[in-house]
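Q: coordinates for the following, if possible.
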Amino acid sequence: MSIRRRGDAVWTGDLRTGHGRVSSESGAIRDTPYSFATRFEDKPGTNPEELIAAAHAACYSMALAGALANKDYDPRGIETHATCVLTPQHGGFAITKMRLEVRANVPGIDPQVFEQIAEQADRECPVSNLLRPGVEIERKATLA
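A: Numbering: from 1, shown residues only. Take a look at the predicted model:
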């Protein structure tokens, strides 16, 4: 059975002076403003890249928790910071890299084993797999 999730965006106006609102089906994000200024400057609001980064951080954290549990480790906490890199290319922009910085509290695990499981989690993470063709994924995982 497939799981479906929906997001919605409404945009008014041209690229530079227009504005929009983005919402998620669950209501966790509701009519959050976005614009050229929230994407390419540092004005308040959201942008597609930070939403992708948040989704990647959440997905990878869950994949790592699952991979650790499958190897009989009990993680006490996983903190993932994701950075989505938007790079000018060919007169436009492209997402070229995702950086994952992971810090996990996993009692009784050898650091080398942890690194192997962190790598496995990246291979199993649905968002990593969605992004991987064409986007470099850089991961640094450390133990707390």
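Q: may I see the buried residues of stretch 66-74?
A: Within stretch 66-74, the residues scored as buried using 16 or more other Cβ atoms under 10 Å are A67, L68, Y73. Heads up, the C-betas are built off the backbone N, CA and C, glycines and all.
Q: swap that for stretch 56-67, please
A: Buried residues in stretch 56-67 (16+ other Cβ under 10 Å): H56, A57, C59, Y60, S61, M62, A63, L64, A65, A67.
Q: burial measure for the residue nearest to H81 when sequence neighbours are not counted, as a count.
A: Sequence neighbours aside, E101 is the residue nearest to H81 in space, at 4.5 Å (criterion: Cβ to Cβ, 6 or more residues apart in numbering). Neighbourhood size, E101 [other Cβ atoms under 10 Å]: 15.
Q: that older thread, reformat the buried residues of stretch 56-67 as JSON lines; add pLDDT, secondary structure and distance to R132.
A: Shown next, in JSON lines, are these (pLDDT from 0 to 100; DSSP: H, G, I helix; E, B strand; the rest coil; distance: Cβ to Cβ, whole Å):
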{"residue": "H56", "pLDDT": "98", "secondary structure": "helix", "distance to R132": "11"}
{"residue": "A57", "pLDDT": "98", "secondary structure": "helix", "distance to R132": "16"}
{"residue": "C59", "pLDDT": "98", "secondary structure": "helix", "distance to R132": "13"}
{"residue": "Y60", "pLDDT": "98", "secondary structure": "helix", "distance to R132": "12"}
{"residue": "S61", "pLDDT": "98", "secondary structure": "helix", "distance to R132": "18"}
{"residue": "M62", "pLDDT": "98", "secondary structure": "helix", "distance to R132": "17"}
{"residue": "A63", "pLDDT": "98", "secondary structure": "helix", "distance to R132": "13"}
{"residue": "L64", "pLDDT": "98", "secondary structure": "helix", "distance to R132": "16"}
{"residue": "A65", "pLDDT": "98", "secondary structure": "helix", "distance to R132": "20"}
{"residue": "A67", "pLDDT": "98", "secondary structure": "helix", "distance to R132": "17"}
